[in-house]
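Asks: give me coordinates for this.
(one chain, ligands or ions: 1)
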Amino acid sequence: MLSNSLIELDRAHLVHPVASYRGHERAGVRVLKSATGATVTDATGHQMIDGFAGLWCVNAGYGQESIVEAATRQLRELPYATGYFGLGSEPAIRLAAELAERAPGDLNHVYFTLGGSDAVDSTIRFIHYYQNARGMPGKNQFISIEQGYHGSSTVGAGLTALPAFHAGFGVPLNWQHKIPSHYAYRNPAGNDPQAIIAASVAALRNKVEELGQDRVAAFYAEPIQGSGGVLVPPPGWMKAMRDLCRELDILFVADEVITGFGRTGPLFACSEDDIVPDLMTTAKGLTSGYAPMGAVFMSDHVYDTIADGAGETAVGHGYTYSAHPVSAAVGLEVLRLYEGGLLDNGRKAGARLMSGLESLADHPLVGDVRGRGMLAAVELVVDKQCKTPLPPAAHPSRRIFDRAWDNGLIIRAFGNGVLGFAPPLCCTEAEIDAIVERTRMTLDQTLEDPDVRAAIA
Ligand code: PLP
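Replies: Predicted coordinates for the structure are as follows:
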């Protein structure tokens, strides 16, 4: 049994990420106790399928003994090594080499961080340095996309375009700009793929014109916008944006923090999109959440420009925990598991998940089903014709999450009534079917919510 004192200690001392502090104090914490495969157990013994892989990160699933062994071995042998003073550790060097070999095109240079936010932050530092090194310091404006998420650091949160990350925080900064999302279900250009691509291309071109081409440093895009509600661009969208950036002499940064490491099928979504970005950020699935780590991939020309620009001077960017050997050892073993069958299983499970979720399309509350691989969303509406979102009075994020939890399923319920799915790649067919079935139960219960009924009536 969970002792009340743990809840009290949490309430009094632990500040939770992206939470209503007062709301959390009222509700109290739910403590997760153990996990294996795709199943997590809370401190009361309640078991659930983790349909969100933690925070879209435990791609390899829980309880992978070989990862535990790799981390333990490294902890015993060498728990820490700095990359400063010209030092390094074997797992970090090997992981960088393995990743470079598999990354698209000439993304041959890997800078390790502690997670996704500082990976994005690092790209901003590197890009400023790059533009200075090539003699174009005036190229210092950054463009990203509405509904995009690029982390929670002060600078990255400004590239992020979700209201909760801006309000009260003094961001975005005056050099951070946005263009509209491709959001197919609600795109003013309609849902024709070519029209959506053309609208995004025109929006970026216009924004660059407005700011001045000689002032724009970089454009950031997620291959699929995750935290904005799993917004999947039409095929060819990434390529069109990448080509435009090349034409306009703007660096193209692909933020693969969610989409990397099998989430959408291949190791990197950019490969499927058939593009090579100038820089790429990853985290989450890189270590499958077993240890904190992110990575910035730099193409040859970005790396060489920075290196040549600095000459014998140190490029002044680094962390105490850059390229941490224990995280790197975990990353190497996780990569081995992905290629030893998890990517294949994830592709099959992803196809089953998509067709299962599509079978919910005739439910009265389901407006849209979208996704790629093991990354999917179901968007709920109270009126399919008008695409009217669930009313705030129905508290979609809390009530739907709670219903799913009680039904033995963890999913992400966004505040606007979008349900996010990102199960571990190790899911069995039975687990995928259970995710779909428990979602259906959750939708049926949501249909009975008096606040939802009132909005329908
Ligand atoms: N970029 C993207 C696309 C993300 O989805 C996230 C986190 O969800 C981040 C960056 C930030 O990563 P982290 O939470 O590891 O700092």
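Asks: quick one, phi psi at whichever residue of the stretch 51-200 of the chain sits closest to the ligand?
Replies: The ligand sits closest to residue 116 of the stretch 51-200 of the chain, with a gap of 2.2 Å, by C-beta to the nearest ligand atom. All C-beta spots, glycine's among them, are computed from the backbone N, C-alpha and C. Dihedral angles of residue 116 (phi, psi; degrees, to the nearest 10) stand at phi -80, psi -40.
Asks: residue numbers of this protein in contact with the ligand?
Replies: Within the chain, the positions lying close to the ligand (C-beta under 6 Å from any ligand atom) are 115-117, 120, 149-151, 222, 226-227, 255, 257-258, 283.
Asks: filter these down to the ones in strands?
Replies: The strands, defined by DSSP state E, take in residue 255 from those.
Asks: how is this structure partitioned into domains?
Replies: Domain assignment for the chain, taken from automatic domain parsing, gives 31-63+341-456, 81-323.
Asks: check contacts around the spatially closest residue to residue 361 that is not a sequence neighbour.
Replies: Computed as C-beta to C-beta, 6 or more residues apart in numbering, the closest residue to residue 361 that is not its neighbour in sequence is residue 369, at 5.5 Å. Contacts for residue 369 (C-beta atoms under 8 Å, 6 or more residues apart in numbering) come out as 354, 357, 358, 360, 361, 376, 377, 378, 379.
Asks: so which of those residues is the closest to residue 71?
Replies: Lowest distance from residue 71 to these (C-beta to C-beta) belongs to residue 376, with 30.3 Å.
Asks: doesn't residue 353 make contact with that closest one?
Replies: Yes - contact criterion C-beta atoms under 8 Å: residue 376 and residue 353 qualify, at 5.9 Å.
Asks: run through the chain and note the low-pLDDT ranges.
Replies: 1-3 (pLDDT under 70).
Asks: biggest strand in it, by residue count?
Replies: When the chain is parsed with DSSP E, its longest strand is strand 375-383.
Asks: about what we covered before: and the furthest pair within the contacts of residue 369?
Replies: Using C-beta to C-beta, the two most remote members of the contacts of residue 369 are 354 and 379, lying 14.5 Å apart.
Asks: among the residues of the chain next to the ligand, which are in helices?
Replies: Here DSSP state H is the test, and the residues of the chain next to the ligand give 116, 117, 120 as lying in helices.
Asks: CSV for the residues you listed, including neighbour count?
Replies: Formatted as CSV, these follow (neighbours: other C-beta atoms under 10 Å):
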residue, neighbour count
116, 29
117, 23
120, 30
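Asks: of those residues, closest to residue 341?
Replies: Nearest to residue 341 among those, counting by C-beta to C-beta, is residue 116 at 25.9 Å.
Asks: rewinding a little: how about the longest strand of the chain: buried residues?
Replies: For strand 375-383, the neighbour count (16 or more other C-beta atoms under 10 Å) marks 375, 376, 377, 378, 379, 380, 381, 382 as buried.
Asks: helix, strand, or coil at the residue nearest to residue 361?
Replies: Put simply, residue 369 is strand when judged by DSSP: H, G, I helix; E, B strand; the rest coil.
Asks: from here on, count from 837
Replies: Okay, using 837 as the starting number, the last item reads as residue 1205.
Asks: tell me where the stretch 837-986 of the chain has helices.
Replies: 840-849, 857-863, 889-892, 901-913, 926-938, 952-969 (DSSP state H, counting those that start in this stretch).
Asks: and these: which comes nearest residue 1229?
Replies: Of the helices of the stretch 837-986 of the chain, the one closest to residue 1229 (C-beta to C-beta) turns out to be helix 857-863, at 15.6 Å.
Asks: show residues contacting the closest one.
Replies: Residues outside helix 857-863 that contact it (C-beta under 8 Å, 6+ apart) are 847, 851, 852.
Asks: now do the contacts for the residue lying closest to residue 935 once chain neighbours are set aside.
Replies: Leaving aside its sequence neighbours, residue 935 sits nearest to residue 946 (C-beta to C-beta, 6+ apart; 5.4 Å). Residue 946 sits next to 931, 932, 935, 936, 939, 1131, 1132, 1133, 1134 when contact means C-beta under 8 Å, 6+ apart.
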